[in-house]
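A.B. asks: next comes the sequence, and after it the predicted model I'd like to discuss.
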Amino acid sequence: MSLYQLKRRSEAIVSLTKAYRLAETNNITVPFTQYAKDMRTLTAAALKDSKCTIPKKWLENINRKSSAYAKRRSHMLTEYKIANNVENEIPLTNREVDILKDLSHGLSRTEIAASKSVSPNTVKMAVNIIYDKLCVTCLPDAIRVAVDRKIV
């Protein structure tokens, strides 16, 4: 996943293939799913790669389980914070607040990128950081939390 984050996609898929081969004989999947969003992104890339030799069914299974794990973890963290009155949230930067406001007004990521003179990938990265900081997994939840906290 680190290789993928460094934009070394083909090397990341080769490493995933090696890890898959080591794990397949014992049907090991938990270490893959615990990487949640990162594994979901990597398996999605592997599914699109025509050179990838990992079975499509396995990639789809890990992708689905990783996604579910990420959502469960986010919900559990939110419930824990509410139950224990934890207020250790990391404040959003001005750029993140601006992007969240634009998203709440219905602008697409591409439109936001153009209006802020940044790349769509910069907006995508900011949205992922916003989700992490707000402990949410989707835009409607992010907007709901932001409105509740009077961020937007």
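C.D. replies: Nice, thanks for sending it over.

A.B. asks: contacts, neighbours, all on C-alpha from now
C.D. replies: Will do.

A.B. asks: and the helices in this protein, which stretches?
C.D. replies: Applying DSSP state H to the chain gives helices spanning 2-5, 9-24, 30-33, 36-48, 56-83, 94-104, 109-116, 120-134, 139-148.

A.B. asks: which of these sits most buried?
C.D. replies: Most buried of the helices of the chain, by mean neighbour count (mean count of other C-alpha atoms under 10 Å): helix 36-48, with a mean of 20.

A.B. asks: list of residues touching that helix?
C.D. replies: Applying C-alpha atoms under 8 Å, 6 or more residues apart in numbering, the contact partners of helix 36-48 are 1, 4, 9, 12-13, 32-33, 52, 56, 59-60, 62-64, 66-70.

A.B. asks: distance from that helix to the middle of the chain?
C.D. replies: Mean-position distance between helix 36-48 and its chain equals 10 Å (C-alpha atoms, centre = their mean, to the nearest Å).

A.B. asks: need the CA coordinates for that helix. PDB is fine.
C.D. replies: The C-alpha trace of helix 36-48 is given here as PDB (Å, rounded to 0.1, in the frame of the first residue of the first chain):
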ATOM      1  CA  ALA A  36      -9.400  -0.900   5.300                       C
ATOM      2  CA  LYS A  37      -9.500   2.100   2.900                       C
ATOM      3  CA  ASP A  38      -5.900   1.600   1.700                       C
ATOM      4  CA  MET A  39      -6.500  -2.000   0.800                       C
ATOM      5  CA  ARG A  40      -9.800  -1.100  -0.900                       C
ATOM      6  CA  THR A  41      -8.000   1.400  -3.100                       C
ATOM      7  CA  LEU A  42      -5.200  -1.100  -3.900                       C
ATOM      8  CA  THR A  43      -7.600  -4.000  -4.700                       C
ATOM      9  CA  ALA A  44      -9.700  -1.700  -6.900                       C
ATOM     10  CA  ALA A  45      -6.500  -0.800  -8.900                       C
ATOM     11  CA  ALA A  46      -5.500  -4.500  -9.100                       C
ATOM     12  CA  LEU A  47      -9.000  -5.300 -10.500                       C
ATOM     13  CA  LYS A  48      -8.500  -2.800 -13.300                       C
END
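
A.B. asks: how big is the angle separating that helix from helix 120-134?
C.D. replies: Counting by axes from the mean of the first three to the mean of the last three C-alpha atoms, to 10 degrees, helix 36-48 lies at 150 degrees to helix 120-134.
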